[in-house]
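Student: Sequence plus predicted model, see below.
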There are 2 protein chains.
Amino acid sequence: MSPNEFELIRRYFWGLGGGAVIRLGIGDDAALLDLPPGEVLVTSVDTLVEGVHYPEDTFPEDVGYRALAVAASDLAAMGASPLACTLALTLPAPDELWLQAFSEGLAQACADCRLPLAGGDTTRGPATVITVQVFGACPANAVLRRDGARPGDQVCVSGTVGDAAAALAILEERWHPGPEAAAALLERFHRPAARLALGEHLRGVATAAIDVSDGLLADLGHVAAASGVAIALASESLPLSPAVAAAGERGRAWALGGGDDYELAFTLPAGAVPPEGCTRIGEVCEGAGLSVDGEPADASGYRHF
Amino acid sequence: MSPNEFELIRRYFWGLGGGAVIRLGIGDDAALLDLPPGEVLVTSVDTLVEGVHYPEDTFPEDVGYRALAVAASDLAAMGASPLACTLALTLPAPDELWLQAFSEGLAQACADCRLPLAGGDTTRGPATVITVQVFGACPANAVLRRDGARPGDQVCVSGTVGDAAAALAILEERWHPGPEAAAALLERFHRPAARLALGEHLRGVATAAIDVSDGLLADLGHVAAASGVAIALASESLPLSPAVAAAGERGRAWALGGGDDYELAFTLPAGAVPPEGCTRIGEVCEGAGLSVDGEPADASGYRHF
């Protein structure tokens, strides 16, 4: 830590803390958080590397927003209520304009995700590397895990899938939809919505849950493997935004194989009604592996579109 | 996450988890930790960047050990009992030999610090960046903070100070002590001992505490500023290892200005006896700022030795 760092932290990040959960925030050796009595701590960490997880010309506001939202999505997938977050930020140089914009996007995500900033570390390094740790709480017996899916369960997903993969195709100039569709898809990529309220709602309702970060097939593959079941999807039931639907076979591949949508995929007992904004896309069966429209499907086959 | 990553995580890091505190570890969207009833969560994050926080030719075993010990030291400074840790690891390429050695050093530190690995994230990036988050617990009213020092308190430090700065001087070939002294000092740098047991012992005993990471003067400067007091040190009372003591004025500068020792500096009420292995080095006074042997001292003045 250089003296510079203290000043930068004060200027850009102290305003993002606060809230009843944070007993002691930025400024001591560690942060102190109060947990609701009788609940377990739920924690996850996610790293974004510039040029790997987002294009180098991404607006820093969007980088700040996305860094937190992506990590918060893991809390949603566990059914946890958000408590707070910490930030480990490695930068090539203390660029004040970048920090100002980054902290604004981060602040917006802190507010949207109900995750005030409780502390962090700022370091200098050869590349921009952003690691966000999120903290939530949940009654131990209500946590949504990957291993609870049972044959006969419905498979559901929130929102629409394939949007982030479509946005990547736009960013890499592999696809050129109309300007309005492009703007909406890019917003979905840069400002993903962590489905925290849905995750809390699914406590005691869903039998398993995961967030769609690696891709729908890949993530449901994790659920199937952890639960010791097979999952059968019906491609015509996949919820697609209009532009992705209009992209035909390519849109279907984005929906099944593209990651970064940060929707929740979950399993529900047969009789349950999917929550509003969620779509039934398949069912859990005896066996192992995934199928789409009755054909065996392999997550890796949809990785390169 | 690539499929490769799952395999690497399984191979090198799954063995480092376990323990009664981790209700759910590596392998789901988030980790679940049980906290002792009625205690607050104490958490801190530290990043090590290759070439910035350790020389590029450092043995990966030592990098793994140091990454965790440095973070654990912040728990010690708060008086927290260790619970678990998570690791966010960014690497230019999945180098198996490096990972094998790194995970061995990390495993040793996990055992020494009582911090089993509960989860993490592995990413590819242009540089090696290691971010460790540590979790501990403490009764809320027993936490050791920086802001509790009162005029009349004794100022104490554990172990010896200046060893890590002396080791850096050896590594950068600015100083050449005998081989035995050099080996001992380098071991202190690469394998710092987080003073967790001392931190727990100081609960309800020390009035303020901090770990010596930035340097004795810099860190005691934080305590003085947070507590609204002055601190007066006596240089002849500084606990020095024999080789640092033999380095004369340079050794004194290392002890006052060099960071990375990860000892605990703390304040005790006037009548209290310093714990075994700790040395009284000064006292807390009315006023502001630091002095050494009656002369005003500035942490920044000792930064470049």
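Tutor: Nice, thanks for sending it over. Numbers count the residues shown, from 1 in each chain, chains lettered A, B, ... in the order given.

Student: and residue A:191, how many residues sit next to it?
Tutor: Residue A:191: 16 surrounding residues under other Cβ atoms under 10 Å in any protein chain shown. To be clear about C-beta, it is placed using only N, CA and C from the backbone, and glycine gets the same treatment.

Student: do the one 4 residues further on as well
Tutor: Taking other Cβ under 10 Å as the criterion, the count of residues near residue A:195 is 26.

Student: quick one, what contacts it?
Tutor: Residues in contact with residue A:195 (Cβ atoms under 8 Å, 6 or more residues apart in numbering or on different chains) are A:73, A:76, A:158, A:159, A:211, A:262, A:263, A:264.

Student: Does the second one touch residue A:194 like I think?
Tutor: Yes - counting by Cβ atoms under 8 Å, a contact exists between residue A:76 and residue A:194, whose distance comes to 5.1 Å.

Student: neighbour count winner among the two?
Tutor: residue A:76 (31 against 28).

Student: wait, residue A:118 sits on residue A:82?
Tutor: No - using Cβ under 8 Å, residue A:118 is not in contact with residue A:82, being 11.7 Å away.

Student: Mutual contacts of these two, please.
Tutor: Joint contacts of residue A:118 and residue A:82 (Cβ under 8 Å, 6+ apart) are residue A:135.

Student: Compare those two (neighbour count), which wins?
Tutor: The neighbour comparison of residue A:118 against residue A:82 (other Cβ under 10 Å) goes to residue A:118, with 30 against 23.

Student: Doesn't the more buried one belong to a helix?
Tutor: No - with DSSP: H, G, I helix; E, B strand; the rest coil as the criterion, residue A:118 is strand rather than part of a helix.

Student: so who does it touch?
Tutor: Residue A:118 neighbours (Cβ under 8 Å, 6+ apart): A:17, A:22, A:25, A:26, A:31, A:33, A:84, A:85, A:86, A:135, B:43.

Student: redo that, cut-off 10 Å
Tutor: With contact taken as Cβ atoms under 10 Å, 6 or more residues apart in numbering or on different chains, residue A:118 is in contact with A:16-19, A:21-26, A:30-33, A:83-87, A:133, A:135, B:41, B:43-45.

Student: what's the answer for residue A:130, then?
Tutor: So residue A:130 contacts A:46-50, A:53-54, A:63-64, A:66-68, A:70-71, A:87-91, A:102, A:106, B:88, B:131 (Cβ under 10 Å, 6+ apart).

Student: one more time with 7 Å
Tutor: Residues in contact with residue A:130, defined by Cβ atoms under 7 Å, 6 or more residues apart in numbering or on different chains, are A:47, A:48, A:63, A:67, A:89.

Student: for residue A:58, same thing?
Tutor: residue A:190.

Student: quick one: the strands in chain A?
Tutor: Under the criterion DSSP state E, strands of chain A are mapped to A:22-24, A:31-33, A:39-49, A:81-91, A:117-124, A:129-139, A:154-158, A:208-211, A:230-233, A:264-268, A:278-285, A:289-292, A:295-297.

Student: Could you spell out the sheet neighbours of the second one, each with its direction?
Tutor: Partners of strand A:31-33 in the sheet, by DSSP bridges, are strand A:22-24 (antiparallel), strand B:39-49 (antiparallel).

Student: any idea of the mean pLDDT for stretch A:248-258?
Tutor: For stretch A:248-258, mean pLDDT rounds to 94.

Student: and it, how far from the chain's centre?
Tutor: Taking Cα atoms, centre = their mean, to the nearest Å, the mean C-alpha location of stretch A:248-258 is offset from the chain mean by 19 Å.

Student: Is it possible to get a markdown table of the strands of chain A that adds distance to residue A:255 and mean pLDDT?
Tutor: Output for the strands of chain A, formatted as a markdown table (distance: least, Cβ to Cβ, whole Å; pLDDT from 0 to 100):
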| stretch | distance to residue A:255 | mean pLDDT |
| --- | --- | --- |
| strand A:22-24 | 39 | 81 |
| strand A:31-33 | 38 | 91 |
| strand A:39-49 | 23 | 96 |
| strand A:81-91 | 28 | 95 |
| strand A:117-124 | 34 | 91 |
| strand A:129-139 | 27 | 96 |
| strand A:154-158 | 9 | 98 |
| strand A:208-211 | 15 | 97 |
| strand A:230-233 | 10 | 98 |
| strand A:264-268 | 12 | 98 |
| strand A:278-285 | 9 | 98 |
| strand A:289-292 | 10 | 96 |
| strand A:295-297 | 12 | 93 |
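
Student: Spell out which residues of the stretch 101-250 of chain A are next to chain B.
Tutor: A:119-121, A:123-127, A:129, A:131, A:133, A:140, A:143, A:145-146, A:210-211, A:214 (Cβ under 7 Å from any Cβ of the partner chain).

Student: Now list the buried members of those.
Tutor: By neighbour count, with 16 or more other Cβ atoms under 10 Å in any protein chain shown, these hold A:119-121, A:123-127, A:129, A:131, A:133, A:143, A:145-146, A:210-211, A:214 as buried.

Student: With the flanking residues excluded, which residue is spatially nearest to residue A:33?
Tutor: Spatial nearest neighbour of residue A:33, excluding adjacent residues (Cβ to Cβ, 6 or more residues apart in numbering or on different chains): residue B:41 at 4.3 Å.

Student: The one you found: neighbour count?
Tutor: Count around residue B:41 with other Cβ under 10 Å applied: 27.

Student: partner residues bridging it?
Tutor: The partner list for residue B:41 in beta bridges (DSSP bridges) reads residue A:33, residue B:137.

Student: List just the nearest of the contacts of residue A:195 to residue A:182.
Tutor: residue A:159 (18.4 Å; Cβ to Cβ).

Student: Go ahead and confirm the closest one touches residue A:277.
Tutor: Yes - using Cβ atoms under 7 Å as the test, residue A:159 is close enough to residue A:277 to be in contact (6.4 Å).

Student: And the residue of the stretch 151-300 of chain A that's closest to chain B?
Tutor: Closest residue of the stretch 151-300 of chain A to chain B, Cβ to the nearest Cβ: residue A:214 (5.7 Å).

Student: what's the closest non-adjacent residue to that residue?
Tutor: residue A:259 is the one closest to residue A:214 (Cβ to Cβ, 6+ apart), at 4.8 Å.

Student: any idea how far the one you found is from residue B:265?
Tutor: Counting by Cβ to Cβ, to the nearest Å, the gap from residue A:259 to residue B:265 is 46 Å.

Student: who has more neighbours, these two?
Tutor: Of the pair residue A:259 and residue B:265, residue B:265 is the one with more neighbours under other Cβ under 10 Å, namely 27 against 20.

Student: how near is that one to residue A:112?
Tutor: In this view, residue B:265 and residue A:112 are 40 Å apart by Cβ to Cβ.

Student: The closest residue to residue A:168 other than its chain neighbours - how many residues pack around it?
Tutor: Nearest in space to residue A:168, with sequence neighbours left out and distances taken as Cβ to Cβ, 6+ apart, is residue A:189 at 6.9 Å. Using other Cβ under 10 Å, residue A:189 has 23 neighbouring residues.

Student: Pretty sure residue A:189 sits against residue A:166.
Tutor: No - counting by Cβ under 7 Å, residue A:189 does not reach residue A:166; the two are 8.4 Å apart.

Student: Any chance of the strands paired with strand A:31-33 in CSV with distance to residue B:154 as columns?
Tutor: Formatted as CSV, these follow (distance: least, Cβ to Cβ, whole Å):
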stretch, distance to residue B:154
strand A:22-24, 24
strand B:39-49, 25
